[in-house]
Each structure stands twice: as structure tokens, then as C-alpha cells.
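> okay, sequence plus prediction incoming.
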Amino acid sequence: MRVPYGAGQLLRGGRVLARLVLVWVLAVGALQLLDAGLTGFAMPEWWQPTVCALLFGVLSAVVWPLVLRIALPVAVFTLGIGSFLLLGAGVLAISFAVPGVVVTDFGTAVVVAVAVAALGASVSSLVGLDEDELFFRRAARRRARSGAAGRGEMPPGVLFLQVDGLGIDTLRRAVRDGDMPTFARLLDTGSHRLTGWHTDWSSQTGASVCGILHGDNADVIGFRWYEKDRDHVMACSSPEDAAEIERRHSDGCGLLAVDGAARGNLFTGDAARTSLTMSALPLVSGSGRRRRGRDGMGAGYYAYFANPANALRTFAGAVVDIGREVSAAVRQRRAGVVPRVSRGGFYPFARAATTVIVRDVVVSAIIEDMLAGRAAVYADFLGYDEVGHHSGVERFDALAVLRAIDRQIGRLHRATQLAPRRYHIVALSDHGQTQGWAFADRFGESIEALVGRLCGQPQPDPRRGARPDPGRTAEGWQVGAVLAEASSTGGPIARRLRDRVERAGSAPDRPRTAGGAPGDAARVAPGVVVVASGHLAMASFTEHPGRVELETIEQEFPELLPSLVDHPGVGFVLVRSAEFGPVVLGRDGLHRLATGVVIGDDPLVPYGPHAADLVRRMDGFPHCADLMINSRYDPMRDEASPFEPHVGSHGGLGGAQSRGFLLHPTQLPPPDEIVGAEALHRVLRGWLTRLGHPEPQAGGPRDSGRATEPAAAD
């Protein structure tokens, strides 16, 4: 996959030597400045800065990588900051080795180490020696050792690069407007083709990535969901739950089972090498003991943190991103932008960790995978999805993060030119995002509080402990009036439901555990659990085993279903009927999924031509909730109100959240319409087979030889 742009430059003898000399000379000058201005650091003799600069260079280039092999956890678990503590210790050692040099304490030594490392990074930028060139030089040496014939004998490798949360509509506009120049060039040169794919009802990373990597995402209801038989809320962001999800769905033949690597993912895809992958954190063998593979803990991290300048560069980038986040949040508040959510507290730091730190480490790990010639790599760039949740789908700071991801993909594309084997790049997303005003902000209570109230349990909403901001709830009193009218009259489906309850009479009162205890999952009312996952909410009635039918819900909570279907923030509700099977209820109509009978207006029409099939599939899952509630989508404004405190969100049906993208080389056959993550898995698996990759063999141990490193949450 060769294109005429961005091929990169190779560093050859004269330029390398010039850089070394320049860094040495400037390091001498920096040490002299530190001698003059830093208290506790002194070099009284003229020759000492020259010798110390030379020794520091030897420490950074030769001794430091050897030390880091032993002390790597210090660097990893401090995101590189610990590397400067180690370098500070090295500076102290140099001061002891060079007569007359004074370093009074360890803090002073760390300051000297940081200053000299920063100088090296600055010099690299000044002379045009960027991280791409360093990679190209290493790749060229590796390629020379392997030989050109080796590249021809191996089938092309594939980099699957996932831009989390980027819908195809947003991508097209970003390409058009110049926010994604790398993608634009790939399309302009004709090397790649862009197509879309439709997600499952659960349009979120857990269901999508499980299906893409393992070819099976059955019973993954949301990013979090309640399992009544275990009284447990499953969360894809929990390492133990992610490992359990993978255990249920992996057959050992995942997309990455043959010489693959998973970087920054929720699941491994049965890759032998993983880093920043949630399901691999609690990885245990059948005997219950932890196992390590050939790479050990340092794979992916070693190449990045072996150069202290990387940690400094990433730290500086994180600080800049924190500033951008604070500035963007202030601008939104001053301009009165709505919808918006709170962006204070710890969030700016969490955002920087996702958009800068994790991104840089993932890119470094991918480069190492290419240098090693691995067959398939799947990596998730999460930054855009994170910022889109809090800022908005196409607001300026979200697009800035998208531009940064595009630059990294461009860098990886250039790097494929000199890897020891040919590589194709396939870019894709796991879902899109639909923007809207958060349900709790728009209607004055969260979906959990609403269901709890309708089930007879008025209670403070834990999400809304403070009084609503008048600037964000200007329509609060009007919405209250609308809801009051809906409860007394309502739409045709609500009236039919109330008539059914009146005809059936009141059910006898049955005992309930006070407060819903005992149980791990919090109850919004006695015996009622509600779990929100983006634009999808799930209500379960814990005192009944299995799926609770519509008729039982009507008897025990007569106001619940009518009020839900009439609520202006609810699009439709899936419930199982003893008489009609699965039924989708909306304000102005219902859809019986078993027979296809529609009474009134079909509530699924605004959600696309595949909605009925996707909802019907979810209804068949063992852990499908008693009530599945999808937010209302307004096609005129292209917005919906998520049940979580987000601006851009996903997880259900409605709008761009269900439309992901797939950018693939034109050498690979274009797919037919792709509906569901399992179908996308079959497309990607077929491409690997077409390129000559062997089919994985089923029945082998899932975790045999797998290497893991610490993971980051989704």
C-alpha cells in the first residue's frame, strides 16, 4: 500500500552524527545555565559540564534502557514520571563520579534530569528529527536484516484502527471540511474506499467490539446491564466483567487469534499479545493462576518509556489538553451553549489521559507490532468518543481531538512503508453518536428516578442532589405541565394500557423486601432495578424469576407503562406479553414483533429499516430486561436525550449512533450491506483469509501464551 505522500525521511550517518554533536554542545550549555541559576547544583570547573553532558548522554542512550528493563513498572504505573525519578538517581551517581560536582539533594537531581531531557526533545524538533524519523531509521535496519524477499513471502499484515464513536456522517463532514486530511488523502488517491455499517440495537463499544473481535455478541445488552439470576450489574468497564464477557463469547478463533495484538481494547480477540485491554487484566488459566506470555509486562511500554523524552512530551501534551478542556468548558458556559453537561472535577485529567497519554502509548505499541511484523493489530483510539460525550459530536474541541487522531493514523500509514512486511490499514468505528440534551437535565429527573416514582417509591435522585440550574431547565415548569396532562389523558397506547388495568382490577398486594435489599444492585423502588446505558435503559423486577410479562407489570405497577410510553423523552418500550409475545409500545402505536402486526403508528419507523429485526434479536437474549426503554429520537432535529449525563451519546437506536464507518483498501472486495457487529466480523475475517492469513483453529486454550499489560478503562 504505497502512496506518493508522506513517505518519511531516513536518518543517515552524517545527520545522526550532527545531531549527537549538537545535543552534546547544547547539553553543556544547559548545564552551565543550571549551574548559574539552580540552587543546590554547582560545577566550579570549566571541564565538568563537558564531561557530565557526555556521561548523561551515555546514561540516556546505553545504561538507561538496561535499567528500565528492571525498573519498568515504576515508569509504567507512573505514566513515565517515575522514569525521571530514576534519571534523577542517575544524575546523583554522575555527581559522585565526577570530582567537584555538587548536587545537594535528590530533587535538584530530578530537575537537572528533566531539563536535559527537555533539551534533547527540543533539539530533535529544531533539526527536524521527529519521532517518525526515529521509527523509520529503526524500521530500515530491521527491514535490511529481514531482506526484501521476506516482505514478499509473508502475506500483508493488517492494522485495524478503530476511531471510537465516530459516525460515518460526522466522518464525511470532517473529511470535507479538512479536519481529517489523512483520511481525505487516502480517499483522494484511490487507495481506500469508504462505506458504512449499521450497529446492533446496543450501539456501544462493549457489544460492537465483542462482535467485531470474537464474532459473537449475543446477550451483551448494553455497556452495563442487570443479570437477575446473579443479582449483578455487568459493566464492560469492569475488568472482571469484561473477562467474563470474553469467556462467554470466545471460542479461541477470534479476529486476532493468529499472530495478533490487541491495543487499548475492551476485549482481546484471542490475541497472544495485549496491552491496555480490559478483559486481559484478570486473565487466569484454568487452574486459577495468573499466566504470562513471551512479551511479559513491558511489551508496548518499553519502547515508549525507554526514551525519557517521550514521557516529557506526553506529559506536556496532557497539560496542554487539560488547558484546552478548561477553556472549552468556560467558553460553553459563557456562550450559554446547550445542550451541555458538567465538565469539572476530575474530568479534565481523565480526558487528558484518554486523548494524549493512552493514545501515545497505543501508537508506540502499534509501531512495535509493525517492527515485529505481527500479522494483525486491532487498536482503539478512544479520545474522540470521550470528548464527544462531554462537549458535543461536532463542536470545536471534539474536532480538534479528531484531527489529532487523524495525524496519528497518518503517522502509522507512513510507517507501513518501511515495516518488515507490507501492511494494509483498515480504519473503522464501533458506533456513532447522537447528540441531545441529557434526559435528567431536560425533564428534571433521571430515568431511574422516573421509574422509581412510577413504581411507588418517591426518592431523591442521586444524580440530581442539587437544585436544577435555571439556565439549563428553562422549560422545567412547562415540561411539568405537559407531564401532568399526559398522566390524565395521554396518547392512544397509554389510554389502552390504562383501560386494560381498569378491566383487570387491582392486583392483591404482595410482600416486597424493604428497599429492595438484599442484593448487590441498587433498587430504585422495592424489587425494581434500573440500569442506564446511553440512549437505552433497562428495568427489571427482581421478585419475579425470568422475564416478567406485560400483564404482571400492569397488575403490580398500573401507572408505569402508560406513563413511560407517553413521556416525551421515551421513544419506545419493549415488553413481553403472555398473549402476543414481544411487543414494542410507543405513544401512538404498537408493533407485535412475533406477527408483525402494527396498531396505530409503528413506533419503530423513526429508527430505521433494521429496527424491528434488531429489537427482535435482543428480545431473545437470556438477560434481556423486563422493560427495554429507548430514548425518543427526533429526526427533524437529529437529536435524542440520553439517559446518562452526556451531550453526544449512543447505546440505543436513533440517528447517527447506529451508523459506523469502514475505510478499507480498494484491493479488498467491497462488502455488501453490513448489519450488526457479527456481520462486520465476518467481513474482516474474510479479508484476512483473502490476504493469505491462516484460519485460526478452534479448541485451543484461550489464554495460552498471552502476554498482558495494565489496561485503561473505556
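Good, I have the coordinates. Numbering: from 1, shown residues only.
> just the helices in the stretch 601-714 of the chain please.
Assigned by DSSP state H, counting those that start in this stretch, the stretch 601-714 of the chain shows helices spanning 611-619, 677-690.
> check which helices and strands the last one sits against.
So the one you mean is helix 677-690. strand 157-163, helix 205-214, strand 423-428, strand 659-665 (3 or more C-beta pairs under 8 Å, 6 or more residues apart in numbering; DSSP states H and E). (Each C-beta comes from the backbone N, C-alpha and C, glycine too.)
> adding mean pLDDT and distance to Leu450, write these out as JSON lines.
Formatted as JSON lines, these follow (pLDDT from 0 to 100; distance: least, C-beta to C-beta, whole Å):
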{"stretch": "strand 157-163", "mean pLDDT": "98", "distance to Leu450": "34"}
{"stretch": "helix 205-214", "mean pLDDT": "97", "distance to Leu450": "25"}
{"stretch": "strand 423-428", "mean pLDDT": "97", "distance to Leu450": "36"}
{"stretch": "strand 659-665", "mean pLDDT": "98", "distance to Leu450": "29"}
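> can you put the helices of the stretch 601-714 of the chain in JSON lines and add distance to Glu556?
Below are the helices of the stretch 601-714 of the chain laid out as JSON lines (distance: least, C-beta to C-beta, whole Å):
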{"stretch": "helix 611-619", "distance to Glu556": "21"}
{"stretch": "helix 677-690", "distance to Glu556": "36"}
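> most packed of the helices and strands packed on helix 677-690?
Of all the helices and strands packed on helix 677-690, helix 205-214 has the most neighbours on average by mean count of other C-beta atoms under 10 Å, namely a mean of 29.
> contacting residues around it?
Helix 205-214 is contacted by residues 162, 164, 199-200, 216-217, 220-223, 236, 245-246, 249-251, 254-256, 262, 265-270, 378, 380, 385, 428, 430-431, 660, 676-678, 680-681, 684, 714 when judged by C-beta atoms under 8 Å, 6 or more residues apart in numbering.
> what's the angle between it and strand 659-665?
30 degrees (axes from the mean of the first three to the mean of the last three C-alpha atoms, to 10 degrees).
> so after helix 205-214, what's the next helix or strand?
Toward the C-terminus, helix 205-214 is succeeded by strand 224-227 as the next helix or strand (DSSP states H and E).
> name every strand pairing with the next helix or strand after that next one and say which way it goes.
Where DSSP H and E defines the elements, the next helix or strand beyond strand 224-227 is strand 232-235. With DSSP bridges as the test, strand 232-235 is paired with strand 224-227 (antiparallel).
> mind listing what's buried in the partner strand?
224-227 (16 or more other C-beta atoms under 10 Å).
> helices and strands around the top helix by length along the chain, which ones?
In the chain, assigned by DSSP state H, the helix with the most residues is helix 308-335. In terms of contacts (3+ C-beta pairs under 8 Å, 6+ apart), helix 308-335 is packed against helix 81-97, helix 106-126, helix 347-352, helix 359-371, helix 396-415.
> do you know which of the ones you listed lies nearest His591?
The closest of those to His591 is helix 396-415. By C-beta to C-beta, the value is 35.0 Å.
> just the buried members of the contacts of helix 205-214?
Here, 16+ other C-beta under 10 Å leaves 162, 164, 199-200, 216-217, 220-223, 236, 245-246, 249-250, 254-256, 262, 265-270, 378, 380, 385, 428, 430-431, 660, 676-678, 680-681, 684, 714 buried among the contacts of helix 205-214.
> now Ala328: closest residue in space that isn't a chain neighbour?
Nearest residue to Ala328, sequence neighbours excluded (C-beta to C-beta, 6 or more residues apart in numbering): Asp397, at 4.1 Å.
> need the buried residues of strand 224-227 in a markdown table (columns: pLDDT and distance to Arg442).
As requested, those are exported to a markdown table (pLDDT from 0 to 100; distance: C-beta to C-beta, whole Å):
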| residue | pLDDT | distance to Arg442 |
| --- | --- | --- |
| Arg224 | 95 | 22 |
| Trp225 | 97 | 24 |
| Tyr226 | 97 | 25 |
| Glu227 | 96 | 30 |
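> out of those, what pair is the most spread apart?
Arg224 and Glu227, at 10.6 Å, using C-beta to C-beta across these.
> overlap in contacts, those two.
Common neighbours of Arg224 and Glu227 (C-beta under 8 Å, 6+ apart) are 233-234.
> how far off centre is the one helix or strand Val387 maps to?
Assessed by DSSP H and E, Val387 sits inside helix 383-390. Centroid separation for helix 383-390 versus its chain: 9 Å, with C-alpha atoms, centre = their mean, to the nearest Å.
> quick one: mean pLDDT for it?
The average pLDDT within helix 383-390 is 95.
> got the angle for it vs helix 205-214?
160 degrees.
> what sits up against helix 383-390?
Contacts with helix 383-390, where a contact means C-beta under 8 Å, 6+ apart, come from 163-166, 205, 341, 343, 347, 350-351, 354-356, 358-359, 397-398, 401-402, 404-405, 433, 646-649.
> please find the angle between the direction vectors of it and helix 396-415.
Using the same axes, to 10 degrees: helix 383-390 against helix 396-415 is 170 degrees.
> thinking again about what came up before, the helices of the stretch 601-714 of the chain: which one's closest to Gly373?
Once these are compared by C-beta to C-beta, helix 677-690 is nearest, at 15.3 Å.
> out of the helices and strands in the chain, which is least certain?
helix 476-488 (a mean of 33; mean pLDDT, DSSP states H and E).
> quick one, what contacts Ala679?
Going by C-beta under 8 Å, 6+ apart, Ala679 touches Trp197.
> same thing with Val362?
Listed by C-beta under 8 Å, 6+ apart, the contact set of Val362 reads 263-264, 275-276, 300, 379-381.
> repeat that for Val363.
So Val363 contacts 408, 411-412 (C-beta under 8 Å, 6+ apart).
> which residue comes closest to the spatially most central residue of the chain once chain neighbours are left out?
In the chain, the residue lying closest to the centroid (C-alpha atoms, centre = their mean) is Leu382, at 3.7 Å. Nearest residue to Leu382, sequence neighbours excluded (C-beta to C-beta, 6+ apart): Asp164, at 4.6 Å.
> low-scoring stretches of the stretch 301-450 of the chain, by residue?
Residue ranges of the stretch 301-450 of the chain with pLDDT under 70: 301-309.
> what's the closest of the contacts of Val362 to Asp619?
Nearest to Asp619, judged by C-beta to C-beta, of those is Asp380 at 29.3 Å.
> what about the closest one, which SS state?
Three-state call for Asp380 (DSSP: H, G, I helix; E, B strand; the rest coil): strand.
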